[in-house]
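Asker: Got a predicted structure plus its sequence, pasted below:
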Amino acid sequence: MTHRAELAAALVLVALLLAALVVGPGDVSLSTALEIVVRRLGGGAPDPTALTLDALVWDLRVPRALCAAVVGAALGIAGAVTQGLLRNPLAEPGVLGISAGAATFAVFGFALGLDAMGLWVTPGLAAIGAAVSLALLLWICADASRVATVLLTGIALASVAGAITTLMLALSSERWDLGLKIVRWLMGSFEGRSWAHLGAALVPTLVGLVAALWLRVDLDALSLGHDTAHSLGVQLPRLRRVALGTIALLVGTATALCGVIGFVGLVVPHIVRLAAGPGHGRLLPLSALAGAAGLLAVDVLTRAVTSVVIPPGVVTALVGGPVLVWLLRRHGEGAT
Amino acid sequence: MLAVGCSARSHGTAKSGDRRVVSQTVLSDEVLWALGDRARAQVVAISALADDARYSAVAGAWPEAVERAPLTSESLLSLTPDLVIVADFTAAETRRLITDAGIETVTLSGFDGFDDYRRNAARIAEAVRLPEAGRELVARFDARLAEVSPKVTQRPLVLSFSEGNVAGAATSFDDIARAAGFANLAADRGETGHRRVSLEQIVAWDPEYLVVPAGPGDAATIVADLAARPGLSATRAARHGHIVAIASASLYASGEGMLDAVAALAAHHPEAA
């Protein structure tokens, strides 16, 4: 088996990481940026004669690019697991209500002014929201035997969480600064993401990635149908619990890190499937790579095209919406 | 004439012969209060934000019996006003309903600096039939502006930063910065109005002074947080201790509160005594 797709995705990712170092204000050349990165990686102090350049590259661009890559990888692989679990290429982690639950808790923190307590508060609340949403989903669906029931329950939970978020937004309409803060967070952003944010997100994302890869054989068996998977020794209830937990961990972490970014989990696995086939042994890691490259590309390209701050969630929705329509037309009712 | 401390009930109902005025902007809440007893006596309702110290310079000043009216068509009409003061950002449906009901409406527009304040204050004063009081109010404003504006020989570059937004030319902050003896960095770089810019852009601009809004009691926390924030910590403003927190009610003000912001910022000018 050749791994051209993996190699291509990795090369694109590296190229985008390099581009992320030089795109943006401040006139930073690639050689200067690389010199700063190498010096700081070696434990060197910032050059006192170039503090601004050092801050631009090391404090802002590198963690921002890595955050975008981590979030893209988490959403890409979470999408692949969701589609494998639900045996539906149109499924997306957002439908399980986890992103919406995370967003609700984060917005609740904004409304109460808790975010002023520190940078960790909003990501922490979003992670708790994701966990609570998952716990609710598992509790409600404890006896459900059909995946469709889980899916519809997730949609219902997402709807309730969305309504609560909208209510808080409506109640804050008298305070324009609060409303602005909430709307901006809901649109998703990598703005101002630091090494501290990245550090907090890295471990849960890696755990989620490893857990997803561990499920690859069971997900392959499940793609042949529930009965076949059962006959092959797959413990379906356990697979469902672990898969849902993995999805929640990955999506919750991504949402906590940068707000709600939709459609990556839908589009990336689908495109990867076209290139690498349906086997989860390749689909999962390639979805992580492609998700990382895709979201980083969105961030780098929007920053290269305009100095106006454009939320990545808006771009992914603009791209993902038409792709979803295309998928619906391509698969017809069979996919749903 | 009613005294300032007259019964709240008389404010809420307006005496026979008085006009019933409903104010639905913070600026008109402030101007009507500043115009004095004869204007206050006409007011039956003020905006819901009038008592919010983050935005209003008259928080807690108006008697409790004066309604704090949420901006809904039904609540406005139920007050049976003769005059409603709204803004051009008020929902078009609400404004249409008021005018269709035959109620006199003053729609304020432009809340971006000293000239807008002078124009809006005069307009409000005329609407409540106190034009002379309006002229006196503007004269007092200009006198205090001259008083708080320092004479300086150098103008350091200052940037207003709030929720990711900077204030460029044609904003209240632009007037505030110039009056306080500074130059507005965002305007200097060609920005107009309130514009969202990236943190990277702010670091690349490297402001000498950074002005941020603060609520009551949280200025020190906000300044410390910004001074330690990755990227911002490398700016001259952070390194030299030039991050200035100004009360949000002053910094966001479109009325006399702007002068408090001028005074607060001027106190940080390097030539300040």
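Answerer: Alright, I've got the coordinates.

Asker: and the residue in the stretch 51-200 of chain A that chain B sits nearest to, what does it touch?
Answerer: Nearest residue of the stretch 51-200 of chain A to chain B: residue A:55, at 3.4 Å (CB to the nearest CB). Every C-beta, even on glycine, is put in place using the N, C-alpha and C of the backbone. Residue A:55 is in contact with A:46, B:203, B:230-231, B:233-235, counting by CB atoms under 8 Å, 6 or more residues apart in numbering or on different chains.

Asker: Counting only helices, which of those make the cut?
Answerer: residue B:203 (DSSP state H).

Asker: Out of the contacts of residue A:55, which comes closest to residue B:257?
Answerer: residue B:235 (27.0 Å; CB to CB).

Asker: how about the nearest residue to that closest one, chain neighbours excluded?
Answerer: Spatial nearest neighbour of residue B:235, chain neighbours left out: residue B:206 (5.3 Å); criterion: CB to CB, 6 or more residues apart in numbering or on different chains.

Asker: What is the helix or strand containing residue A:210 packed up against?
Answerer: Element membership for residue A:210, per DSSP states H and E: helix A:195-214. Where contact means 3 or more CB pairs under 8 Å, 6 or more residues apart in numbering or on different chains; DSSP states H and E, helix A:195-214 is packed against helix A:62-86, helix A:121-140, helix A:236-258, helix A:280-305.

Asker: Measure how far the last one is from the centre of its chain, please.
Answerer: The gap between the average C-alpha position of helix A:280-305 and the chain average comes to 10 Å, counting by CA atoms, centre = their mean, to the nearest Å.

Asker: in the next helix or strand after that helix, what counts as buried?
Answerer: Counting by DSSP H and E, the next helix or strand C-terminal to helix A:280-305 is helix A:312-331. If you call a residue buried by 16 or more other CB atoms under 10 Å in any protein chain shown, then helix A:312-331 has these buried ones: A:312-317, A:320, A:324, A:327.

Asker: about what we covered before: verify the stated contact: the residue nearest to residue B:235 with residue B:239.
Answerer: No. Residue B:206 is beyond contact range of residue B:239, at 9.8 Å (criterion: CB atoms under 8 Å).

Asker: what about those two, which has more around it?
Answerer: residue B:206 (18 against 12; other CB atoms under 10 Å in any protein chain shown).

Asker: Got the phi and psi for that one?
Answerer: With angles defined as degrees, to the nearest 10, residue B:206 sits at phi 50, psi 60.

Asker: do residue B:162 as well
Answerer: phi -150, psi 120.

Asker: quick revisit: tell me which of the buried residues of helix A:312-331 is nearest to residue A:221?
Answerer: Among the buried residues of helix A:312-331, and counting by CB to CB, the member closest to residue A:221 is residue A:327, at 24.4 Å.

Asker: I figured the closest one was touching residue A:92, is that so?
Answerer: No. Taking contacts as CB under 8 Å, residue A:327 lies outside contact range of residue A:92: 10.6 Å.

Asker: Quick one: distance of the helix or strand just after the helix holding residue A:210 to the chain centre.
Answerer: Going down the chain from helix A:195-214, the next helix or strand is helix A:216-222, by DSSP H and E. With CA atoms, centre = their mean as the basis, helix A:216-222 stands 22 Å off its chain's centre.

Asker: do the same with stretch A:209-229
Answerer: 21 Å.

Asker: Enumerate the positions of it that are buried.
Answerer: Those would be A:209, A:211-213, A:215-216, A:218-222, A:229, for stretch A:209-229 by 16+ other CB under 10 Å.

Asker: List just the nearest of the residues you listed to chain B.
Answerer: Scanning the buried residues of stretch A:209-229 for proximity to chain B, where the rule is CB to the nearest CB, the winner is residue A:209, at 25.9 Å.

Asker: Check what pLDDT the closest one gets.
Answerer: Among the per-residue scores, residue A:209 holds a pLDDT of 94.

Asker: Can I get the buried residues of helix A:312-331 in CSV including pLDDT?
Answerer: Formatted as CSV, the buried residues of helix A:312-331 follow (pLDDT from 0 to 100):
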residue, pLDDT
A:312, 90
A:313, 87
A:314, 87
A:315, 91
A:316, 90
A:317, 86
A:320, 83
A:324, 74
A:327, 72
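
Asker: would you list those in JSON lines and tack on distance to chain B?
Answerer: Conversion of the buried residues of helix A:312-331 to JSON lines gives the following (distance: CB to the nearest CB, whole Å):
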{"residue": "A:312", "distance to chain B": "13"}
{"residue": "A:313", "distance to chain B": "15"}
{"residue": "A:314", "distance to chain B": "13"}
{"residue": "A:315", "distance to chain B": "15"}
{"residue": "A:316", "distance to chain B": "19"}
{"residue": "A:317", "distance to chain B": "19"}
{"residue": "A:320", "distance to chain B": "23"}
{"residue": "A:324", "distance to chain B": "28"}
{"residue": "A:327", "distance to chain B": "33"}
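
Asker: Quick check, pLDDT for the residue of the stretch 51-200 of chain A closest to chain B.
Answerer: As predicted, residue A:55 sits at a pLDDT of 94.

Asker: Not including adjacent chain positions, what is the nearest residue to residue A:239?
Answerer: Closest to residue A:239 by CB to CB, 6+ apart is residue A:218, at 4.9 Å.

Asker: quick one: contacts of stretch A:309-329?
Answerer: Contacts of stretch A:309-329 (CB under 8 Å, 6+ apart): A:68, A:89-90, A:184, A:186-191, A:258-264, A:266-267, A:270, A:295, A:298-299, A:302, A:335-336, B:164, B:196-198.

Asker: Return the residues of chain A in contact with chain B.
Answerer: Within reach of chain B by CB under 8 Å from any CB of the partner chain, chain A has these residues: A:24-26, A:46, A:51-52, A:54-56, A:59-61, A:63, A:116, A:174-175, A:177, A:180-181, A:184, A:191-192, A:194-196, A:303, A:307-309.

Asker: thinking again about what came up before, let me see the contact set for the closest residue to the residue of the stretch 51-200 of chain A closest to chain B other than its chain neighbours.
Answerer: The shortest distance from residue A:55 to any non-neighbouring residue, by CB to CB, 6+ apart, is to residue B:234 (3.4 Å). Residue B:234 is in contact with A:46, A:51-52, A:54-55, A:59, B:203, counting by CB under 8 Å, 6+ apart.

Asker: What's the separation between residue B:234 and residue B:185?
Answerer: Distance of residue B:234 to residue B:185, computed by CB to CB, to the nearest Å: 16 Å.
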